[in-house]
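A.B. asks: from the sequence below, what's the structure:
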Amino acid sequence: MRQKTQDILPGFFQNDSTDDKTLKNVQQYRDIYKAFDEYLTKFPEIEQLAHNDLKKLCKPKPDRSRTPDFTTQNLFRAVLVMTKEHLTWRGTTIAIAESRTLQNFCRLFSKESINFNLICQAAIHISPETWRNINTLFAYHMIDEGKITPEVIRADGTVVETNIHYPTDSSLCWDVYRTIDRIVENARKLGFGLYFPDFRFHPEKIKSLNFRISKFVKSECKKRKKMVRRYYRLIIDRTGEAVAKAKEIVVALLRIGDELAAALAMQLNEFIPWMEKIVDVASRRFDGEKVPNTEKVFSLFEPHTELIKKGKLSKPFELGHLVFLSSTRERFIVDCMLFEISPPETTLLPVVIERHEELYGTKPKYVAMDKGCHPGNEAMEDLLDDYEDEVEFLGIPSRVNDFGDEEMKHAQRFRAGIEGTISFLKRSFGLSRCVFKGFRGFCRFVGSGVFCHNLLTMVRADLASPGG
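C.D. replies: As a prediction, this is how the structure comes out:
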């Protein structure tokens, strides 16, 4: 059974130098992790929530009697290091091994670092619900200590992109074809090729078709336009044939009765609905039909990806999911909403207020949001009537003339602060692009980033205070 913690030394960070020879930025780096350690020690419920998930990494009844080398505390803190430093799995392992400060923070004793595979497994095992509960619990503690004021909030949305390439019909067909070929080749190497028809796949030819389409698709030459159209028809037809063959292979593998063959069949079968949809959309678009974005698949490997238009000049559309944040004047994120299917932002004002009441027991007294979140004059009047006794001011302009009002102008200046919070999340914690797989992985990635942001925000505020 994996232990929660291990008592090894009476104190940590005792070797940190505070003399004049230590560079200022080095000392600040050490102070931040020392403060992280103090917060996690002060509020052990945070690590307890992570422990409830991470203890599942061990078998209930292990064959060996020895205890694992690392506790859940070690693993949770390693995940925090990875998120805070915006590192890869391997980069996290190296950073911990080469830094005494990070080893102290992760409470490592028997070994100087943790294998990157184990850090990856730890990050996967902490559920999105646990990250949400950790963030809420930390907010409760900060409210109790008077460090944040949840009565005054500002809210805004941003798009966190998924880790996919730019989708075109030809590139998606190539993804389908090469995935089928890869799984079928794995089945053949394991000796299961005798049990299904000897289908031949030619990935090099499909790759070449995709390359030539990508190269000449924007050409103005009539001859090349005809050639691109012919290649498009060819790549769609051959991909459709490959999907039909894949269905037969799945049935044949399941008939074998072998566990490994069944696993390969299930792996291929999970892709088939999305593969069929990709081929169908590509064929319809080739025939001139305008396909709604809701019916399209933008990635075979991240099919949950959504196309979102935020009206940005530099980015007409983004591929990912909408994340809607609410923060206090202290830049502490008190709520984070993630949408698999994003609603119009004009409908989110009552959602923000009701969720805030559900989490903190009372509606916010002051809410500032941007013009794009205004629900409309009639709906706004209804909301003002509903919240008349509880919400003192809703700082959401409906038109440019509203900025002439001094209170509204002040509200929008206050609201602009969340733009900095969003920028900080994307630059420092990598929330511009999610590298975790699946929508639940997306929620884990955002949840860990929000918690590290809140922890760092509180630590910086403490260090900046006169007694810090």
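A.B. asks: does residue 48 touch residue 4 like I think?
C.D. replies: Yes. Contact between residue 48 and residue 4 holds when scored by Cβ atoms under 8 Å: they sit 7.5 Å apart. The C-beta positions use only the backbone N, C-alpha and C, and glycine is treated the same way.
A.B. asks: neighbour count: these two, which is higher?
C.D. replies: More neighbours sit around residue 4 than around the other of residue 48 and residue 4, counting by other Cβ atoms under 10 Å; the figures are 17 against 13.
A.B. asks: next SSE after the longest helix along the chain?
C.D. replies: Looking only at the chain and at elements set by DSSP state H, the helix with the highest residue count is helix 222-256. Moving toward the C-terminus from helix 222-256, the first helix or strand encountered (DSSP states H and E) is helix 259-286.
A.B. asks: so how far is the helix or strand following that next one off the chain centroid?
C.D. replies: Where DSSP H and E defines the elements, the next helix or strand beyond helix 259-286 is strand 306-308. Once both centres are worked out by Cα atoms, centre = their mean, to the nearest Å, strand 306-308 turns out to sit 15 Å from its chain's centre.
A.B. asks: can you check stretch 242-253 too?
C.D. replies: Using Cα atoms, centre = their mean, the distance from the centre of stretch 242-253 to the centre of the chain it belongs to is 33 Å.
A.B. asks: CA atoms of that stretch as CSV?
C.D. replies: Coordinates of the C-alpha atoms in stretch 242-253 are reproduced here as CSV (Å, rounded to 0.1, in the frame of the first residue of the first chain):
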residue,chain,number,x,y,z
ALA,A,242,-9.7,1.3,-45.4
VAL,A,243,-12.4,2.0,-42.8
ALA,A,244,-14.6,-0.8,-44.3
LYS,A,245,-11.7,-3.2,-44.0
ALA,A,246,-11.0,-2.1,-40.5
LYS,A,247,-14.6,-3.2,-39.5
GLU,A,248,-14.0,-6.7,-40.8
ILE,A,249,-10.6,-6.9,-39.0
VAL,A,250,-12.3,-5.9,-35.7
VAL,A,251,-14.8,-8.8,-36.1
ALA,A,252,-12.1,-11.3,-37.0
LEU,A,253,-9.9,-10.3,-34.0
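A.B. asks: in that stretch, what counts as buried?
C.D. replies: Residues of stretch 242-253 classed as buried by neighbour count (16 or more other Cβ atoms under 10 Å): 242, 243, 245, 246, 249, 250, 252, 253.
A.B. asks: which among those gets closest to residue 347?
C.D. replies: Of all these, residue 243 has the smallest distance to residue 347: 37.8 Å, by Cβ to Cβ.
A.B. asks: report pLDDT for that closest one.
C.D. replies: What the model reports for residue 243 is a pLDDT of 96.
A.B. asks: same question for residue 406.
C.D. replies: Model confidence at residue 406, expressed as pLDDT, equals 88.
A.B. asks: quick one: residue 82 and residue 90 touch, right?
C.D. replies: No. If you go by Cβ under 8 Å, residue 82 and residue 90 don't touch, sitting 10.3 Å apart.
A.B. asks: looking at these two, which is more packed in?
C.D. replies: Under the neighbour definition other Cβ under 10 Å, residue 82 and residue 90 were set side by side, and residue 82 has more, 25 against 13.
A.B. asks: phi, psi of residue 322?
C.D. replies: Summarising the backbone geometry of residue 322 under the convention degrees, to the nearest 10, its torsions are phi -80, psi 130.
A.B. asks: for the chain, which spans come out with low pLDDT?
C.D. replies: Residues of the chain meeting the criterion pLDDT under 70: 1-2, 6-20, 59-66, 467-468.
A.B. asks: that one - how does it break down into domains?
C.D. replies: 24-126, 130-164+304-464, 169-295 (automatic domain parsing).
A.B. asks: buried residues in stretch 143-152?
C.D. replies: Of all the residues in stretch 143-152, those buried under the rule 16+ other Cβ under 10 Å are 143, 147, 148, 149, 150, 151, 152.
A.B. asks: list the contacts of it.
C.D. replies: Identification of contacts with stretch 143-152 by Cβ atoms under 8 Å, 6 or more residues apart in numbering yields 139, 142, 328-330, 332, 334, 356, 360, 362, 364-366, 458, 461.
A.B. asks: out of these, list just those in helices.
C.D. replies: Per DSSP H, these map to helices at 139, 142, 356, 360, 458, 461.
A.B. asks: ok, of these, which one's closest to residue 98?
C.D. replies: Distance from residue 98 was checked for each of the ones in helices among the contacts of stretch 143-152 by Cβ to Cβ. The minimum falls on residue 458, at 27.1 Å.
A.B. asks: quick one: that closest one and residue 332 touch, right?
C.D. replies: Yes. Under the contact definition of Cβ under 8 Å, residue 458 touches residue 332, with a separation of 7.1 Å.
A.B. asks: give me the common contacts of the two.
C.D. replies: 142, 147.
A.B. asks: strands of the protein, residue ranges please.
C.D. replies: Secondary structure of the chain (DSSP state E): strands located at 152-161, 306-308, 318-327, 333-339, 366-368, 393-395.
A.B. asks: can you list those strands in CSV and add distance to residue 297?
C.D. replies: CSV is the format used below for the strands of the chain (distance: least, Cβ to Cβ, whole Å):
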stretch, distance to residue 297
strand 152-161, 16
strand 306-308, 11
strand 318-327, 11
strand 333-339, 18
strand 366-368, 37
strand 393-395, 39
